[in-house]
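Peer 1: Any chance you could fold what I've pasted below:
(one chain, ligands or ions: 1)
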Amino acid sequence: MKARKIKDRIYWMGSVDWDRRLFDSLVPLPDGTSYNAYLIEGSKKTVLLDSVDLPMAEELLAQLEGIAKIDYVVSQHAEQDHSGTIPQVLKKYPDAKLLTTPKAKGILIDLLQIPEEFFITVNDGETISLGDKTLKFIHAPWVHWPETMLTYLEEDKILFSCDFFGSHIATTDLYVTDEGRVYEAAKRYFGEIMMPFRNVIEKNLEKLESYDIEMIAPSHGQIFPRPAFIIDAYRDWIKGSPRNTVVLPYVSMHESTKQMVDYFVSALVEKGVRVEQFNLEVTDIGKLAMALVDAATIVIGTPTILAGPHPYAAYAAFLANALRPKTKFLSIIGSYGWGGKTVETLAGMIPNLKVEVIDPVLCKGVPSDSDFKALDELASVIVEKHKEHDFN
Ligand code: FEO
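Peer 2: Numbering: from 1, shown residues only. Coordinates of the predicted model:
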């Protein structure tokens with residue numbers, strides 16, 4: 001795709017990756033993604049903000065054909081989906097300087113072996129003049145790496161936010177036109193990579209309050225012409241109260257745990273609790289991450305195998321622990337054959353979660369009437385807990 005004009009002498013460059021289906025060999029990308037770079041031409045200096053993932057290098061280099069001089073390349077974030085083509089850009093423009101945070105400098109040297117002489121490090125709040133346009137750099141650590149910064153174009157009131165506020169969507173729409181679709185993709189993205197750092201991100205959000213922002217241009221997905229939409233969504237995901245929802249990742253081997261899950265979901269629904277149920281054999285873990293963003297309770301359903309939880313259930317627990325959602329309660333349900341340490345093992349896997357563990361319901365073999373009664377009681381306890389906290 002060719003470069004696209006955003007405003008006078010401000011262009012989108014980059015690549016729309018329609019075919020990519022996995023990020024970090026982990027995160028599903030059902031709608032592909034984009035790697036957004038931006039070219040800003042001041043009256044005296046020209047800057048390229050970020051680059052693209054290395055496999056897309058040719059597309060960016062083609063867009064730069066006809067751009068005689070680049071004075072500055074800004075690396076907002078050292079992760080290779082944005083920095084991967086910087087060495088090729090610097091090869092094309094050997095007189096350009098690479099502006100980045102002091103921490104990013106070391107990481108870029110480690111990851112891309114960029115020679116030290118290219119670098120100029122910038123401090124938080126530092127500005128650089130392009131002539132009639134001014135860039136202000138805003139350090140934003142842990143969005144989602146420690147070295148990240150954002151860039152504010154003062155005269156045009158555009159915030160270039162890198163991964164912050166991003167979403168994995170491949171589309172020809174330069175701007176957000178369908179906020180519902182973008183909300184879902186951005187929430188998934190938040191759950192997958194931002195949620196573990198939400199306390200630090202909250203501080204970065206506060207930092208932005210003093211800026212007059214007319215447009216947010218992230219490094220993945222579409223540009224926000226109405227910044228309040230995504231800023232408000234982030235505020236809710238970070239600080240909002242958890243919802244009256246149970247997230248139920250489960251796996252079943254011989255249908256006993258599945259019978260428990262079916263009964264339990266019905267019991268919760270009858271009592272007015274929303275449930276998001278994920279069969280771990282087939283689930284898209286991005287959807288699970290998204291559901292964890294605001295669920296009040298997690299209940300893991302697992303049979304006992306090899307004296308512990310099923311490995312898929314262990315994976316879900318590991319993931320929840322790593323993503324650190326604001327969940328308040330956790331329990332376990334499932335069937336076992338003759339014994340094991342399923343509860344102890346799972347409980348030991350979630351040290352990062354600030355949750356109250358509610359007594360689990362484990363049954364021997366297929367569930368009996370007393371087991372179903374225990375599931376009713378567990379559902380009632382969850383309902384009461386949610387009511388106590390006024391989760392809606
Ligand atoms: Fe889109 Fe953290 O890279």
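
Peer 1: CA atoms for contacts and neighbours, from now on please.
Peer 2: Noted.

Peer 1: how far away is residue 130 from the ligand?
Peer 2: Using CA to the nearest ligand atom, to the nearest Å, we find residue 130 at a distance of 26 Å from the ligand.

Peer 1: correction: residue 4
Peer 2: As judged by CA to the nearest ligand atom, residue 4 and the ligand stand 20 Å apart.

Peer 1: which residues sit in contact with the closest residue in space to residue 102 that isn't next to it in sequence?
Peer 2: Setting aside the residues directly before and after it, residue 102 is nearest to residue 121 in space (CA to CA, 6 or more residues apart in numbering), at 5.3 Å. Going by CA atoms under 8 Å, 6 or more residues apart in numbering, residue 121 touches 99-102, 105.

Peer 1: The protein against the ligand: which residues are in contact?
Peer 2: Taking CA under 6 Å from any ligand atom as the criterion, the chain approaches the ligand at residues 79, 81, 163.

Peer 1: at 8 Å what do you get?
Peer 2: Within the chain, the positions near the ligand by CA under 8 Å from any ligand atom are 35, 77-82, 143-145, 162-163, 166, 219-220.

Peer 1: Can you name every helix or strand that the lengthiest helix in the chain contacts?
Peer 2: Longest helix in the chain, counting residues (DSSP state H): helix 369-388. On a contact count with 3 or more CA pairs under 8 Å, 6 or more residues apart in numbering; DSSP states H and E, helix 369-388 meets helix 256-270, strand 361-364.

Peer 1: Run through who's touching the last one.
Peer 2: So the one you mean is strand 361-364. With contacts defined as CA under 8 Å, 6+ apart, strand 361-364 is touched by 332-338, 371, 374-375, 378.

Peer 1: now what about the strand or helix carrying residue 298, what contacts it?
Peer 2: Using DSSP states H and E, the secondary-structure element containing residue 298 is strand 295-301. The contact list for strand 295-301 (CA under 8 Å, 6+ apart) reads 242-252, 257, 261, 313, 317, 326-334, 382, 386, 391.

Peer 1: Are any of those buried, and if so which?
Peer 2: Listed as buried from the contacts of strand 295-301 are 242-252, 257, 261, 313, 317, 326-334, 382, 386, 391; burial here means 16 or more other CA atoms under 10 Å.

Peer 1: And for residue 19, the neighbour number?
Peer 2: 12 (other CA atoms under 10 Å).
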